[in-house]
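> sequence first, predicted coordinates after that:
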Amino acid sequence: MRKSALPELQPGAKMDMALLKVKLAALPPGIPHSLFIGLTGRCNLSCRHCKYSTAPEREKNADMPLRQVYSLITQAAALGIPRVIFFGGEPLLYKGLEKAAAKAAALGLFTELDTNGQLLTRGRAARLAAAGLSSVMVSLHSHAPSRHDALSGAGSFRLAQKAVAVSRAAGLITYISSCVFSGALPSGDLDRLIAFAKRSGAHGARILAYSPKKGASSLPSELSAALRKAGAGNYAGTCARPGRACCAAAGGEILFVGPSGEVRSCPYAAKPLGKAGSLAGFLRRPGRAGRFPCQKPR
């Protein structure tokens, strides 16, 4: 698809992206570039590879109080964290989502929605854009509908692909988020996945390696190398740092606060850092990066 055929971004979204790039370039050491806020533990899918599908019931059913969401957004802005990412569970199930997006946008933060896309209608996308949302990340785990549906449920591919189109039509910056497994790398599926994302009109792709429930894996580093080999450039990226056995979360570059107030180095980290009080207490000094926090030692 030619670039000219893509729907234009909202002028506000273009400005948001430009300002985010400036802020990221000037980010002081020790300040995360993103705060993930887990608005709810509820989800309308039960993906086979997702750790949230086996989370305790108290976490799966929890919603974060809106006042706490506001507090986290305000703290992020005060600390200089430039981006907030609304996460779940499935954040579209959270009734205060538009209010949270408006609060973050009013404080000058770049706002992103990480969603499975099943509930993203044209009207909801328009309301979120009007509230100040800048970007949408839609989960699509394969170029093949049958393979995606095998992971996430029958019919989920169709709705996720529709969500990409709906998000684009609303003028939002739109990405595809995919979880890949070791077999995707040598078989050429990675190349096909990136080509599919481009055909779908996504402005980029985030590709994450599946982290086993037990034991460590070299897949994140292998995926990072495979993306470089594929020449994905600035279009597709992953959480693993090129040539290093660590990631942005291990280096304190992101933070996640779940619906129950538990802080983790990222949404997929195996161990919590503590309970949310002041976010400032969870900032890490640069140079302390370890291994992938999503992996458990054997």
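Happy to help now that I have it.

> going forward, measure contacts between C-alpha atoms and count neighbours the same way
Will do.

> quick one: the strands in the chain, in order.
For the chain, applying DSSP state E gives strands covering 34-38, 83-87, 110-115, 135-139, 173-180, 204-209, 236-237, 254-257, 262-264, 274-275.

> need the ones you listed in TSV with mean neighbour count, mean pLDDT and distance to Asn61, can you?
Below are those laid out as TSV (neighbours: other Cα atoms under 10 Å; pLDDT from 0 to 100; distance: least, Cα to Cα, whole Å):
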stretch	mean neighbour count	mean pLDDT	distance to Asn61
strand 34-38	25	97	12
strand 83-87	26	98	14
strand 110-115	25	97	17
strand 135-139	26	97	21
strand 173-180	25	95	24
strand 204-209	22	92	25
strand 236-237	20	91	31
strand 254-257	26	95	15
strand 262-264	22	93	14
strand 274-275	14	90	18
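
> turn the ones you listed into TSV, including distance to Asp63.
Below are those laid out as TSV (distance: least, Cα to Cα, whole Å):
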stretch	distance to Asp63
strand 34-38	8
strand 83-87	11
strand 110-115	16
strand 135-139	21
strand 173-180	23
strand 204-209	26
strand 236-237	30
strand 254-257	12
strand 262-264	12
strand 274-275	15
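
> which of those strands sits closest to Gln161?
Closest to Gln161 of the strands of the chain is strand 135-139 (Cα to Cα; 8.3 Å).

> and for that closest one, what's in contact with it?
Strand 135-139 is contacted from outside by 13, 111-117, 160, 163-164, 167, 172-178, using Cα atoms under 8 Å, 6 or more residues apart in numbering.

> what of stretch 275-285?
Contacts of stretch 275-285 (Cα under 8 Å, 6+ apart): 29-32, 72, 75-76, 79, 251-252, 257, 261-263, 273.

> at 10 Å instead, please
With Cα atoms under 10 Å, 6 or more residues apart in numbering as the test, stretch 275-285 has contacts from 29-32, 35, 68, 71-72, 75-76, 78-79, 250-258, 260-265, 273-274.

> ok so, going back, tell me which of the strands of the chain sits nearest to Glu222.
Minimum separation from Glu222 across the strands of the chain (Cα to Cα) falls at strand 204-209, 9.0 Å.

> what packs against that closest one?
strand 135-139, strand 173-180, helix 189-199, helix 219-230, strand 236-237 (3 or more Cα pairs under 10 Å, 6 or more residues apart in numbering; DSSP states H and E).

> could I get those as TSV with distance to Leu92?
Below are these laid out as TSV (distance: least, Cα to Cα, whole Å):
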stretch	distance to Leu92
strand 135-139	11
strand 173-180	16
helix 189-199	22
helix 219-230	28
strand 236-237	25
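
> and of these, who's closest to Leu128?
Comparison of these against Leu128 by Cα to Cα identifies strand 135-139 as nearest, at 9.7 Å.

> tell me the gap between the closest one and the middle of its chain.
With Cα atoms, centre = their mean, to the nearest Å as the basis, strand 135-139 stands 7 Å off its chain's centre.

> next, the angle from that strand to strand 83-87.
Relative orientation of strand 135-139 with respect to strand 83-87: 40 degrees, computed using axes from the mean of the first three to the mean of the last three Cα atoms, to 10 degrees.

> given strand 135-139, what are its sheet partners and their directions?
Here strand 135-139 has these sheet partners by DSSP bridges: strand 110-115 (parallel), strand 173-180 (parallel).

> just for the protein, where's the confidence low?
Where the chain drops to pLDDT under 70, the residues are 1-10, 51-60, 243-245, 285-290, 297-298.

> where along it do the helices fall?
Taking DSSP state H to define them, one finds helices in the chain at 11-25, 57-60, 66-79, 97-106, 122-131, 145-152, 156-169, 189-199, 219-230.
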